[in-house]
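Trainee: I need the structure of the sequence given here:
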Amino acid sequence: MQASEVALNGFNSTVEIIKKTTVAQVPKRQVEELAQKSASDFDQFYVPAIPKFQGR
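Mentor: Prediction:
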């Protein structure tokens, strides 16, 4: 949830959205860290699997 909200609204707004929708208070620093972790494997996930050539 937080990764998509950060992309759309920024960190401060995401903290407020989480607070309003879940009644949880998540520190901005934690939202920043979770967004970073969510984005860190983006390239690896979307890199197409290229089968290795199995020559003769």
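Trainee: Roughly how far does the residue most central in space within the chain sit from Thr14?
Mentor: Centroid check for the chain by Cα atoms, centre = their mean gives Ser38 as the closest residue, at 2.9 Å. Separation of Ser38 from Thr14 (Cβ to Cβ, to the nearest Å): 12 Å. Any C-beta I mention is one placed from the backbone N, CA and C, and that applies to glycine too.
Trainee: before we move on, what about Val23?
Mentor: Counting by Cβ to Cβ, the gap from Val23 to Thr14 is 15 Å.
Trainee: Which residue, other than its chain neighbours, is closest to the residue nearest to the centre of the chain?
Mentor: Closest residue to Ser38 apart from its sequence neighbours, by Cβ to Cβ, 6 or more residues apart in numbering: Ala3 at 3.7 Å.
Trainee: ok, that neighbour - how many residues close by?
Mentor: 16 (other Cβ atoms under 10 Å).
Trainee: Same question for Leu34.
Mentor: 16.
Trainee: thought it was touching Ala3?
Mentor: Yes. Look at Leu34 against Ala3 with Cβ atoms under 8 Å: they come within range, at 7.1 Å.
Trainee: hmm, who's touching the strand or helix carrying the residue nearest to Ser38?
Mentor: Taking DSSP states H and E as the criterion, the element that holds Ala3 is helix 2-9. Helix 2-9 is contacted from outside by Ser13, Thr14, Ile17, Ile18, Val26, Val31, Leu34, Ala35, Ser38, Ala39, using Cβ atoms under 8 Å, 6 or more residues apart in numbering.
Trainee: From those residues, list the buried ones, please.
Mentor: In the contacts of helix 2-9, burial by neighbour count holds for Thr14, Ile17, Ile18, Val31, Leu34, Ala35, counting by 16 or more other Cβ atoms under 10 Å.
Trainee: Sitting in helices, which of those do you find?
Mentor: Applying DSSP state H to these, the entries found in helices are Thr14, Ile17, Ile18, Val31, Leu34, Ala35.
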